[in-house]
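Enquirer: any chance you could fold what I've pasted below:
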Amino acid sequence: MSGLDIAPPPTSTSHPVRPRRPGRVGRENIGWLFILPFLLVFLAFLVAPLIYAGYLSLFTKGLATGTSFAWFDNYTRAFHDPSFRKGLWFVLRFSVVVIPLQILVALGAALLLDEITGRLARFSRLMIFLPYAVPAVIGSLMWGFLYSPSFGPMEQIFSLFNAQAPFLLSEGNVFYGLLNVVTWQWAGYYMIIIYAALKSIDHTLFEAARIDGANARQIALRIKVPLVSSALVLILIFSLIGTLQFFVEPQVLRPIANGSITPDFTPNIYAYETAFSYSQFNYASAMAFSLGFVVFLAVGVFTFATRKRGGLFT
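Expert: Numbers count the residues shown, from 1 in each chain. The predicted model follows:
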């Protein structure tokens, strides 16, 4: 036969595409089944209450006038309310002190644990992190017992020296008493974040620095701290959000504070008292959203200030 023999095309061995059965869940939708329980809880207990609270904040309700649409009058009233501004001023002052203190304690503990190896390191990490695992209500009750001037251990220790123990929940000392409780509660959590960031650093940098003659303190301050500055920014944002919404600790310690923790001690306590003691749910909702606006503004300003540098020290 002249010319080139043209081989027949190979027969296809692929199986025919089976039509998808109706009602069968596709593989691409399986992920939604896993997040559906969380999504339902998230919508039911966070999104829906927020929408309802935002709706309530736009109305006023009076015994004689009834319910009427007020636009943003409740928000204007909140920012002109001396009690709301007093609580807001306290949490701002508290943030200025407690946030740097928490970061310093967490950073110091993380740097120290980064140098320790073996079982002692694991035990130390657990002990420092343990206060965060204790619920805030239980931790506050525990500190209330320790601070108690009548049966607390501080009073017993000071009585051995014929001295009177300072009551850390009195009007002049409540700032420092709460400062101690909050630092104890959260420093371990922030320490874990910094410690994880330290473990992600390439250790050849430390070896090169030691070869160049750097000591442990220089390595910690000039290499480790700048390289974990992004984690420090994250911690600062978390701490700022939590401190501006300060509620659990002063509310739990309030019965034994002898009046030093007032109903307008923090904005959240004031909103809580306004809603559940005076049944002014509309005004309380507006105060809660006003505080949320302050938190959003503070975090936004700080994020904008650190966006180019990527950290606190870079």
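Enquirer: tell me the phi and psi of residue 63?
Expert: The phi and psi values for residue 63, taken as degrees, to the nearest 10, are phi -70, psi -40.
Enquirer: what's the burial count for it?
Expert: Applying other CB atoms under 10 Å, we find 5 other residues in the vicinity of residue 63. No exception for glycine: its C-beta is placed from N, CA and C like everyone else's.
Enquirer: that one and residue 276, how far apart?
Expert: Note on residue 63: its distance to residue 276, by CB to CB, to the nearest Å, is 18 Å.
Enquirer: do the same with residue 221
Expert: 49 Å.
Enquirer: check residue 184 too.
Expert: When CB to CB is the yardstick, residue 184 and residue 276 sit 29 Å from each other.
Enquirer: of those two, who's got more company?
Expert: residue 184 (17 against 11).
Enquirer: the more buried one touches residue 136, doesn't it?
Expert: No. Residue 184 sits out of contact with residue 136 when judged by CB atoms under 8 Å, with a separation of 10.8 Å.
Enquirer: any idea which helix or strand comes after the one helix or strand residue 191 maps to?
Expert: Taking DSSP states H and E as the definition, one finds residue 191 inside helix 174-199. Towards the C-terminus, the helix or strand next in line after helix 174-199, according to DSSP H and E, is helix 204-211.
Enquirer: what helices or strands is that next one leaning on?
Expert: For helix 204-211, the helices and strands in contact under the criterion 3 or more CB pairs under 8 Å, 6 or more residues apart in numbering; DSSP states H and E are helix 216-219.
Enquirer: distance from the chain centre to the helix it packs on, please.
Expert: Taking CA atoms, centre = their mean, to the nearest Å, one finds the center of helix 216-219 at 30 Å from the center of the full chain.
Enquirer: before we move on, what about stretch 219-234?
Expert: Average the C-alpha atoms of stretch 219-234, do the same for its chain, and the two points are 20 Å apart (CA atoms, centre = their mean).
Enquirer: please identify the buried residues of it?
Expert: For stretch 219-234, burial by neighbour count (16 or more other CB atoms under 10 Å) applies to 219-220, 223-225, 227-234.
Enquirer: repeat for stretch 278-292
Expert: Counting neighbours by 16+ other CB under 10 Å, one finds that the buried residues in stretch 278-292 are 280-292.
Enquirer: alpha carbons of it, in CSV - could you do that?
Expert: Below are the C-alpha coordinates for stretch 278-292, written out as CSV (Å, rounded to 0.1, in the frame of the first residue of the first chain):
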residue,chain,number,x,y,z
TYR,A,278,-34.9,51.5,85.1
SER,A,279,-36.3,49.6,82.1
GLN,A,280,-35.0,52.2,79.6
PHE,A,281,-34.1,49.7,76.9
ASN,A,282,-34.1,52.2,74.1
TYR,A,283,-31.6,54.5,75.7
ALA,A,284,-29.5,51.6,77.0
SER,A,285,-29.3,50.3,73.4
ALA,A,286,-28.1,53.6,72.2
MET,A,287,-25.4,53.8,74.8
ALA,A,288,-24.2,50.3,73.9
PHE,A,289,-24.0,51.3,70.2
SER,A,290,-22.3,54.6,71.2
LEU,A,291,-19.6,52.6,73.1
GLY,A,292,-19.2,50.4,70.0
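Enquirer: list the contacts of it.
Expert: Outside stretch 278-292, the residues within contact range by CB atoms under 8 Å, 6 or more residues apart in numbering are 53-54, 56-57, 59-61, 70, 74-75, 77-79, 81, 84, 88, 244-245, 267-268, 270-272, 274-275.
Enquirer: ditto for stretch 295-308
Expert: Contacts of stretch 295-308 from elsewhere in the structure, counted by CB under 8 Å, 6+ apart, are 233, 236-237, 240-241, 244-245, 312.
Enquirer: try it again at 7 Å.
Expert: Contact partners of stretch 295-308, identified using CB atoms under 7 Å, 6 or more residues apart in numbering, comprise 233, 237, 240-241, 244-245, 312.
Enquirer: is residue 249 in contact with residue 182, as I believe?
Expert: Yes. Contact criterion CB atoms under 7 Å: residue 249 and residue 182 qualify, at 6.3 Å.
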